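1. Okay, structure incoming, though there's no sequence with it:
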């Protein structure tokens, strides 16, 4: 199977998310432990997370679902409506996000829960933008949160060595 | 939010899966512990699993993805091809299945792993049918395995009381 | 197997945690959605979480590990030291907590991540108390966070019906 | 924090498990895909799994719990009895095992479910030995299964590249 990292970076960009945004969210998650940390120091971890095939396939699936909901071409109109209004009790988006975090251990999971509720930076902007008519970021905000949470966890484990 | 149980039963039927098929797979998973168990005795647990909102939303998402891949209307042609050939290292299907099993505890997860590899009954027939040209059961076989695994776990816990 | 709910309530009390403390932490997690919620309204959900066998066995295991570390009677002195200093990269405590949260779906998991980092109420007091010499709350703070997170998730799902 | 890999290899050996046993279980899990695979080819993956800190800490915790149950020195006599008889509905052992498998993605989890039920090789011998009076392998058989399942998953992903 191919390496889809560059493709995923392009997909994220097309949906309004830069590597810089993700590195900044990862930095926020580490800020309590390293006050002076620069987001540039997290970029390496973000790129490493994006190199994993399971992460790439999760991104591709998540972006596809958001775009399909926006396109109005889903077969299941109930599901389409749930995704378009980012229904709070719909949980498949978080489930796919956990599939990423799990690869980076328990710290990644708590990081995700925190940034998902706190909605820092790009997560907040995706979330509020997704409330606009015609736009669906239901999967994307969780996927981006999961990548940031995983990159922060990877950084913490490396720092400890 | 509405109760989508009947809708999900219909969706499963439309894709070739009956309640009876799922109850039989659940019975298979309990057969080592209860030799004489009838699939009818598992039907109640299958229906109870299908009553959970998180399960319903997982089913709706999974069936939608299979149908979209079949329709050839996905935006991402790499993803569409991966789903159509049920690529072994694609794991989002199992991740969504675990989202169901997790609700029923650790026994449900081991049950799922077993039936997913052993491919008993409806799981086997979905899997081999999904290899035919034009048909995609990439998500469905895992979702059905997860429902059977969860129903068997629920049955085991109730039996123990 | 027996119902160990009352036993677990006693174990938690012996370690300084009341049902009231847990209900208050669960209320905190729902406060963004229901400003006027009283902790009394969460008590029912806390008791329901504590009725699950998997939760009871997780509590018993967690409390045992904290007490054994305190007692200085562990076979593995490296492990004992890690638990006594609540080493940040030790993750088995969170893994056991996720075993509880998973039973209550994806909202419980994000709730847990949030309260684990935010350290509200009883979680904060267990955590800081655990830093004292001779005291180990390494497992307990995560278990209590998981029960609160699960009770809040159960409440949210019931409210939506 | 230290690297405890050699310590964990020693702990496993002390409890009757060799690297060879684990490599053979991992080979069994890959045998459907690579008929001629030798267990020696899996040894590298086993050692790589054992190099992860989260895996090492899970092993240390699991072995400690089995030894404490055997020693009769647990504070909680109900828990001690549950562990000594390897009670089927006790699930914390599997939860800790999933904490390992999750690091290696969804294939590791299905591998674990399969070998946990099928009880091949060292898993079977640990399990049946654990039924003897005075011996507790309640945690160990799941931990060994998780290491084998993870090593097989790592092998499958590398093979595909």
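-> Here it is on my side, so go on. Computed from a predicted model, the values in this text were never measured in an experiment. Residues are numbered from 1 along each chain as shown, chains lettered A, B, ... in the order given.
2. Could you use CA atoms for every contact and neighbour count after this?
-> Fine.
3. Give the helix, strand or coil label for residue A:81.
-> helix (DSSP: H, G, I helix; E, B strand; the rest coil).
4. what about chain A, any weak spots by pLDDT?
-> A:1 (pLDDT under 70).
5. SS state for the residue positioned nearest the centre of it?
-> For chain A, residue A:144 is the residue whose C-alpha lies nearest the centre (CA atoms, centre = their mean; 1.4 Å). Three-state assignment for residue A:144 (three-state DSSP): helix.
6. Would you agree it is in contact with residue A:121?
-> No - assessed by CA atoms under 8 Å, residue A:144 is found out of contact with residue A:121, at 10.8 Å.
7. what's the spacing between the residue nearest to the centre of chain A and chain B?
-> Using CA to the nearest CA, to the nearest Å, we find residue A:144 at a distance of 16 Å from chain B.
8. what's that residue in contact with, if anything?
-> Listed by CA atoms under 8 Å, 6 or more residues apart in numbering or on different chains, the contact set of residue A:144 reads A:22, A:123.
9. what about the residue of chain A found nearest chain D, neighbour count?
-> For chain A and chain D, the shortest gap (CA to the nearest CA) falls at residue A:103, measuring 4.1 Å. Using other CA atoms under 10 Å in any protein chain shown, residue A:103 is surrounded by 24 other residues.
10. Any idea how many residues pack against residue A:39?
-> Residue A:39 has 18 neighbouring residues, counting by other CA under 10 Å.
11. who's in contact with it?
-> So residue A:39 contacts A:20, A:23-24, A:26-27 (CA under 8 Å, 6+ apart).
12. repeat that for 10 Å
-> A:20-28, A:30 (CA atoms under 10 Å, 6 or more residues apart in numbering or on different chains).
13. By neighbour count, which of the residues you listed wins?
-> Neighbour counts for the contacts of residue A:39 (other CA under 10 Å) peak at residue A:26, which has 31 neighbours.
14. Next, that one: phi, psi?
-> Here is the backbone geometry of residue A:26 (degrees, to the nearest 10): phi -70, psi -40.
15. wait, doesn't it sit right on residue A:147?
-> Yes - assessed by CA atoms under 10 Å, residue A:26 is found in contact with residue A:147 at 8.2 Å.
16. joint contacts of the two?
-> A:45-46, A:153.
17. quick check, nearest of those to chain C?
-> residue A:153 (9.7 Å).
18. give the contact list for the closest one.
-> Taking CA under 10 Å, 6+ apart, one finds A:26, A:29-30, A:45, A:101, A:104-112, A:147, A:159, C:89 in contact with residue A:153.
19. what about 8 Å?
-> So residue A:153 contacts A:104-105, A:107-108, A:111 (CA under 8 Å, 6+ apart).
20. Among those, which ones lie close to chain C?
-> A:105, A:107, A:111 (CA under 8 Å from any CA of the partner chain).
21. which of the residues you listed tops the neighbour count?
-> residue A:111 (27 neighbours).
22. What residue, apart from its backbone neighbours, is nearest it spatially?
-> Once flanking residues are discounted, residue A:111 sits nearest to residue A:149: 5.0 Å by CA to CA, 6 or more residues apart in numbering or on different chains.
23. How many residues are close by residue A:158?
-> 10.
24. and it, what element?
-> Under DSSP states H and E, the secondary-structure element containing residue A:158 is helix A:140-160.
25. Could you pull out the buried residues of that helix?
-> A:140-157 (16 or more other CA atoms under 10 Å in any protein chain shown).
26. go on, stretch A:83-91?
-> Quick answer for stretch A:83-91 (16+ other CA under 10 Å): A:83-86, A:89-91.
27. Enumerate the residues of chain A near chain C.
-> With CA under 8 Å from any CA as the criterion, chain A comes near chain C at residues A:89, A:91, A:94-95, A:105-107, A:109-118, A:157.
28. Identify each buried residue in stretch A:54-68, please.
-> A:54-68.
29. ok, residues contacting that stretch?
-> In contact with stretch A:54-68 (CA under 8 Å, 6+ apart) are residues A:4-5, A:8, A:11, A:49-50, A:74, A:83, A:93, A:96-97, A:100, A:136-140, A:143, B:74-76, B:79, B:90-92, D:105.
30. Excluding residues flanking it in the chain, which one is nearest residue A:51?
-> Leaving aside its chain neighbours, residue A:51 sits nearest to residue A:5 (5.7 Å; criterion: CA to CA, 6+ apart).
31. Tell me where chain A has strands.
-> With DSSP state E as the definition, chain A shows no strands.
32. Can you name the residues of it that neighbour chain D?
-> So chain A meets chain D at A:1, A:54, A:99, A:102-105, A:160-161 (CA under 8 Å from any CA).
33. Redo those residues as a markdown table? Include distance to residue A:37.
-> Converted to a markdown table, these look like this (distance: CA to CA, whole Å):
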| residue | distance to residue A:37 |
| --- | --- |
| A:1 | 36 |
| A:54 | 28 |
| A:99 | 27 |
| A:102 | 25 |
| A:103 | 24 |
| A:104 | 20 |
| A:105 | 22 |
| A:160 | 15 |
| A:161 | 17 |
